[in-house]
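# fold the following.
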Amino acid sequence: TVFMPGRVPVHMQTQVKDVIEDIDGFAQLHRVQDKRTKRPIPWKSAPMQKKIFAAVKAGHKRVACIKARQVYCTTGCKMVLHQMAYTTPYAAMHAVVSMRDDSASMLLDDCRRWLDDVPELLQRPIQTKAKSQIRYADTGASLRSFTSRSSTGLRSFTPAAVVISEAAYAPDLEEVIAQADAAVGEGLLIVE
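Residues are numbered from 1 along each chain as shown. Purely as a prediction, here's the structure:
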């Protein structure tokens, strides 16, 4: 089941569903920062992003991204979480984990900016747009950031999806992955 914003007229719902349900199609509604000019440009999925989207679409629940720099992997992983939080009709939590608190909250910066990228018809009310959390007012679905340095990590949380960014830098990678795997259960875990 895909959540449909209340503003979408009935006669457009099938067409809108087809766009927002497809991660790559949903991504095309957004902009990213150009590396050279630092200006927002229309999203055009890079090959690595297409591979990530295809793996998620195929139903893989455990995805490892082995990457070089500048292949836009992290942005693709964030888009997966953003799309999942946007389309779920449930108060599901989606988590991004990074080594430091500042990098973890910075990972949500694109997601906060993306909230305004979609056409006005598809924009949704936001309850919280804080440093470490974004929460939709209509469904309660959220995106949260966590640090891999925390001794408690994702314990006591049950996210629908988790992205561990730059996992190689985690102080105790085995423990971070074990916590995330246990927390997400049958949900999606992407280790980058």
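# how far away is the residue nearest to R155 when sequence neighbours are not counted from K38?
Leaving aside its chain neighbours, R155 sits nearest to Q179 (6.2 Å; criterion: Cβ to Cβ, 6 or more residues apart in numbering). Using the backbone N, CA and C atoms, a C-beta is placed for each residue, glycine as well. Look at Q179 and K38: by Cβ to Cβ, to the nearest Å, they are 35 Å apart.
# and what of S45?
For S45 relative to K38 (Cβ to Cβ), the value is 20 Å.
# gap between the lowest-mean-pLDDT helix or strand in the chain and the chain center?
The weakest-scoring helix or strand in the chain, judged by mean pLDDT, DSSP states H and E, is helix 101-114 (a mean of 88). Taking Cα atoms, centre = their mean, to the nearest Å, the mean C-alpha location of helix 101-114 is offset from the chain mean by 10 Å.
# picking that back up, which one of S45 and K38 has more residues nearby?
Between S45 and K38, counted using other Cβ atoms under 10 Å, the more crowded position is S45 (19 against 7).
# list the contacts for the more buried one?
Counting by Cβ atoms under 8 Å, 6 or more residues apart in numbering, S45 makes contact with 24, 27-28, 53, 76.
# could you rerun that using 10 Å?
S45 makes contacts with 23-25, 27-28, 51-53, 72, 75-76, 79, as judged by Cβ atoms under 10 Å, 6 or more residues apart in numbering.
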